[in-house]
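Colleague: here is my input, please return the structure:
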Amino acid sequence: MAVYVDDAVTLWRGHRWAHLMADTLAELHDFAARLGLPRRAFQDKTSGAHYDVDAALRDRAVALGAVPISRHRDRERLRAVIRVAKAQGRGEHP
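Modeller: Presented below is the predicted three-dimensional model:
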């Protein structure tokens, strides 16, 4: 099992943001807690189950073992991770 973090590309409120996703929701919540993210920051919208992390927190996530995935170099892998996140957001267990 793994936790993933994509590129910090979304600009919002002066910061670049990335998505923290995982193979399982339990893994995702555990890792987010290790980063100090409150459970209320969890998002399970149609975009998929994830936590938003800014660029600095993304770097910390990678240092703690999250697998960095690039929208440019790892397209197939990223699509697979997003498919799992979307299924999790719908309450499915992929």
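
Colleague: other SSEs contacting whatever helix or strand residue 76 lives in?
Modeller: Taking DSSP states H and E as the criterion, residue 76 maps to helix 75-89. Judged by 3 or more CB pairs under 8 Å, 6 or more residues apart in numbering; DSSP states H and E, helix 75-89 is in contact with strand 3-6, strand 15-22, strand 42-45, strand 48-54, strand 67-69. To be clear about C-beta, it is placed using only N, CA and C from the backbone, and glycine gets the same treatment.

Colleague: surely residue 51 is in contact with residue 40?
Modeller: No: the pair formed by residue 51 and residue 40 falls short of the contact definition of CB atoms under 8 Å, at 10.4 Å.

Colleague: and the two? Which one has more around it.
Modeller: Remark: of residue 51 and residue 40, residue 51 carries more neighbours, 23 against 5, as counted by other CB atoms under 10 Å.

Colleague: so for residue 78, which of the helices and strands packed on helix 75-89 sits nearest?
Modeller: Residue 78 lies closest to strand 67-69 among these, at 4.9 Å (CB to CB).

Colleague: quick check: mean pLDDT across the closest one?
Modeller: Mean pLDDT, computed over strand 67-69, is 93.

Colleague: just how off-centre is that strand within its chain?
Modeller: Relative to its chain's centre, strand 67-69 lies at 9 Å (CA atoms, centre = their mean, to the nearest Å).

Colleague: how far away is the residue nearest the centre of the chain from residue 49?
Modeller: For the chain, the residue sitting closest to the mean C-alpha position, by CA atoms, centre = their mean, is residue 20 at 1.5 Å. Noted for residue 20: a distance of 10 Å to residue 49, by CB to CB, to the nearest Å.
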